[in-house]
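Visitor: got a sequence here, can you model it:
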Amino acid sequence: MSAISCFIVEDDPQAFAYASSIVKSYQNIALIGHSDNIKEASFLIKQMKPDFIILDVFLTDGTAFEFLKLFEAIHFKIIFTTSFAKYAIEAFKFSAIDYLLKPYEEKELILAVDKVIADISKTNYQSQLTTLLHNFSHNDQSKKLVLKNTDAIHVITIEDILFAKSDNNYTSFLLTSGKSILVSKPLKSFDEKLRNHNFFRVHQSFLINLTYITSFDKRNEEVVLNEQHAIPVAQSKKKSLLNYIDALF
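Guide: Here you go, the predicted model:
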């Protein structure tokens, strides 16, 4: 098996030494370069064409997102590393891209490298990276969400989601266009991502976009979205939902 090439973009000497020592422990990985700034790194990576890079999100001369914009297309895998920054981490989660939170343990980087090796020949994830760049620069309702299933990678704007419905360990999304997307992740994972973006878990099985509430049926204890979708409301959620509706007027 030919060696897999790696390039590290990191401006912290200690963090670089730590990451490089782990990478060098792999017999089938060649560490071909390193840079501590985005301008030099982009030039070298375009010349050297590594299979994957380890990329610090916040560098002294800019961010990883500014760095990625210097490429017309991304033909290498990326292991992102970052110190805590809520808006950056949220962007990763919405874009379905993994990251390592500093200070990370050796086993975490090993798992990330092993995943890169396993996925090295797969189609690049340009659509996910494009979504990541969008989400990093749009901290609002135009945020995009990546939904992956066996058929495709779907990139949707969260304002286009009417509601999400739980089906055991699967979640079905209904969009305003009428399109339905089924993904093999539990509703809980999307509740955690969307709850701060005008979404509300009205029932164990339903997460709704509050923007589309048109009425509340008191008799049947259902909230109606876009005048046509009746969603059951759990007793434990009823008061919070009615308080939200009252606040609209």
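Visitor: tell me how the chain divides into domains.
Guide: 4-137, 158-247 (automatic domain parsing).
Visitor: mind telling me which of the ones you listed the model trusts least?
Guide: Mean pLDDT per stretch puts domain 4-137 lowest among the domains of the chain, at a mean of 85.
Visitor: now do the helices in the protein.
Guide: Per DSSP state H, the chain carries helices over the ranges 13-23, 38-48, 64-68, 86-94, 106-119, 126-137, 187-194, 235-247.
Visitor: quick one: His154 from Ala64, how far?
Guide: 24 Å (Cβ to Cβ, to the nearest Å). Bear in mind the C-beta positions are built from the backbone N, C-alpha and C, glycine included.
Visitor: these two: which is more packed in?
Guide: Taking other Cβ atoms under 10 Å, His154 and Ala64 do not tie; Ala64 has more neighbours (25 against 16).
Visitor: ok, now which ones touch the nearest residue to that one once chain neighbours are set aside?
Guide: Nearest non-adjacent residue to Ala64, counting by Cβ to Cβ, 6 or more residues apart in numbering: Val57, 4.5 Å away. Residues in contact with Val57, defined by Cβ atoms under 8 Å, 6 or more residues apart in numbering, are 63-65, 80-83, 85, 88, 99.
Visitor: one more time with 7 Å, if that's ok
Guide: 63-64, 80-82, 88 (Cβ atoms under 7 Å, 6 or more residues apart in numbering).
Visitor: picking up where we left off before, will you turn the domains of the chain into JSON lines that also has distance to Thr150?
Guide: Formatted as JSON lines, these follow (distance: least, Cβ to Cβ, whole Å):
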{"stretch": "domain 4-137", "distance to Thr150": "14"}
{"stretch": "domain 158-247", "distance to Thr150": "8"}
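Visitor: so which of those gets nearest Leu147?
Guide: Across the domains of the chain, Leu147 has its closest neighbour in domain 158-247 (5.0 Å, Cβ to Cβ).
Visitor: first-to-last residue distance for that closest one?
Guide: Counting by Cα to Cα, to the nearest Å, you get 23 Å between the two ends of domain 158-247.
Visitor: run the chain-centre distance for that domain.
Guide: 21 Å (Cα atoms, centre = their mean, to the nearest Å).
Visitor: distance of the residue of the chain positioned farthest from its centre relative to Lys115?
Guide: Distance from the centre of the chain peaks at Arg219, with 39.4 Å (Cα atoms, centre = their mean). Plainly put, Arg219 is 51 Å away from Lys115 if you go by Cβ to Cβ.
Visitor: Met48 now?
Guide: 22 Å.
Visitor: again with Leu129
Guide: 16 Å.
Visitor: got it, and Phe92?
Guide: Separation of Phe92 from Lys115 (Cβ to Cβ): 15 Å.
Visitor: more neighbours, these two?
Guide: Using other Cβ under 10 Å as the criterion, Phe92 and Lys115 rank with Phe92 on top: 19 against 14.
Visitor: and the gap between the more buried one and Phe43?
Guide: 26 Å.
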